[in-house]
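> give me a model of this one.
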Amino acid sequence: MSKIYVSSGTIVGRINGFNHKLFIESAPYLECDGFEFMIFPTFFEKCKSVMGDLERAGLSIPITHADKDIGKYLSCSEEGYRERAICEFNKNCEVAKLLGSKKIVLHLWGDLVSDRFIENNFSCLYELADAANKHSVKLLIENVPCAVKNPYFHLCRAANEYPNIKFVFDSRFSAFHMQHALFLESGWFENGRIDHVHISDYIGPSGDFASLRPIPHLGEGIAELDWLLNKIKNIYDGTYTLESPEMHADFTCIDKINKDLEFIKSRVGKK
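Numbers count the residues shown, from 1 in each chain. Reported below is the predicted structural model:
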């Protein structure tokens, strides 16, 4: 039976000063099987406090999402950024291990540089996988948007060159590049190459970086989630994370998050 998680990034963000306590307070009321914890660039400024609060809350956090800035550093051709990225990723893996996560999601490229210098990114992949293994977590590479090629193109290369690397399929990013059919036909859902799925919608139009935000609630965008989830459920029985944000300065709209969770459950056959 598939399990459905909620990303802490649906609740915590810049608008509320990355207030992790809002996530902890909301968690008991969310109708999910666990959580995916999002590490933000500011996390390590108050790491001890956040980790202590999470430990006391006793939440199930099977997956950690590494700081997205790591992808930006990996994409930078300037001296020192490769070392910074690998150092930061090791720290993120340590957090994942302490949280009890078994998997860590990584943006292998990102920011405005994106995949313009993709050889930089691929040159680090073995070292990143080793770092994850050292901390007993599985590295998952996400299909993040590209400025030059496209995520499916790069993940095909990763699949060929790194046979043990696993992927995260993100519905919003797939819609951005109009790649649903490619991923569904790849065989990766069936053979376990895709080891986790992120669910959020996309407002469109395709290929427009300015349209990646705001992120709409499920069914309000152009990602064809009804059709997509019904297709995925027939070839995949793994885990999903809801990533549609519902964050505010000092409260969380629980009902809207639970409505999005019900949307996923009803499409993948989970009661």
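
> longest helix in this structure, please.
Counting by DSSP state H, the longest helix found in the chain is helix 81-99.

> distance between it and the chain's centre?
Put simply, helix 81-99 sits 16 Å off its chain's centre (Cα atoms, centre = their mean, to the nearest Å).

> roughly how far apart are the most far-flung residue of the chain relative to its centre and residue 120?
Residue farthest from the centre of the chain, counting by Cα atoms, centre = their mean, is residue 79 at 27.5 Å. Distance from residue 79 to residue 120, counting by Cβ to Cβ, to the nearest Å: 12 Å. (Each C-beta comes from the backbone N, C-alpha and C, glycine too.)

> quick check: phi and psi on the residue farthest from the centre of the chain?
phi -60, psi 140 (degrees, to the nearest 10).

> change the start of the numbering to 33 and stick with it
Taking 33 as the first residue, the last one we looked at is residue 111.

> which pLDDT value belongs to it?
Here, the pLDDT recorded for residue 111 equals 87.

> which parts of the stretch 133-282 of the chain are strands?
135-138, 170-174, 198-202, 226-231, 272-274 (DSSP state E, counting those that start in this stretch).

> so residue 176 sits against residue 205, correct?
Yes: the criterion here is Cβ atoms under 8 Å, and residue 176 meets it with residue 205 at 5.8 Å.

> list residues touching both of those two?
residue 183 (Cβ atoms under 8 Å, 6 or more residues apart in numbering).

> which stretches of the stretch 183-303 of the chain aren't confidently modelled?
For the stretch 183-303 of the chain, the stretches with pLDDT under 70 are 303.

> quick one: the helices in it, in order.
For the stretch 183-303 of the chain, the helices defined by DSSP state H, counting those that start in this stretch cover 183-193, 203-208, 212-217, 220-223, 257-264, 286-300.

> closest to residue 90 out of the ones you listed?
helix 286-300 (19.1 Å; Cβ to Cβ).

> now do the buried residues in the closest one.
The neighbour-count criterion (16 or more other Cβ atoms under 10 Å) identifies 286, 289-293, 295-297, 299-300 as the buried residues of helix 286-300.

> next one: stretch 159-174
Buried residues in stretch 159-174, counted by 16+ other Cβ under 10 Å: 160-161, 163-164, 167, 169-174.

> extract the C-alpha set from that stretch and format it as PDB.
Provided in PDB are the C-alpha atoms of stretch 159-174 (Å, rounded to 0.1, in the frame of the first residue of the first chain):
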ATOM      1  CA  GLU A 159      31.100  11.600  -4.300                       C
ATOM      2  CA  LEU A 160      27.500  12.600  -3.400                       C
ATOM      3  CA  ALA A 161      26.300   9.100  -3.500                       C
ATOM      4  CA  ASP A 162      29.200   8.000  -1.300                       C
ATOM      5  CA  ALA A 163      28.300  10.700   1.200                       C
ATOM      6  CA  ALA A 164      24.700   9.500   1.400                       C
ATOM      7  CA  ASN A 165      25.800   5.900   1.800                       C
ATOM      8  CA  LYS A 166      28.200   6.800   4.600                       C
ATOM      9  CA  HIS A 167      25.300   8.200   6.500                       C
ATOM     10  CA  SER A 168      23.000   5.200   5.700                       C
ATOM     11  CA  VAL A 169      20.600   7.200   3.600                       C
ATOM     12  CA  LYS A 170      19.700   6.600  -0.100                       C
ATOM     13  CA  LEU A 171      20.400   9.400  -2.500                       C
ATOM     14  CA  LEU A 172      17.400  10.400  -4.800                       C
ATOM     15  CA  ILE A 173      18.000  12.800  -7.700                       C
ATOM     16  CA  GLU A 174      15.000  15.000  -8.600                       C
END
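
> if we can go back for a sec, which of the buried residues of stretch 159-174 sits closest to residue 43?
Closest to residue 43, out of all of the buried residues of stretch 159-174 and judged by Cβ to Cβ, is residue 174, at 20.0 Å.

> now do the same contact list for that closest one.
Contacts of residue 174 by Cβ under 8 Å, 6+ apart are 137-140, 199-200, 202, 205, 230.

> separation between it and residue 258?
Note on residue 174: its distance to residue 258, by Cβ to Cβ, is 23 Å.

> what of residue 246?
Residue 246 sits at a distance of 21 Å from residue 258 (criterion: Cβ to Cβ).
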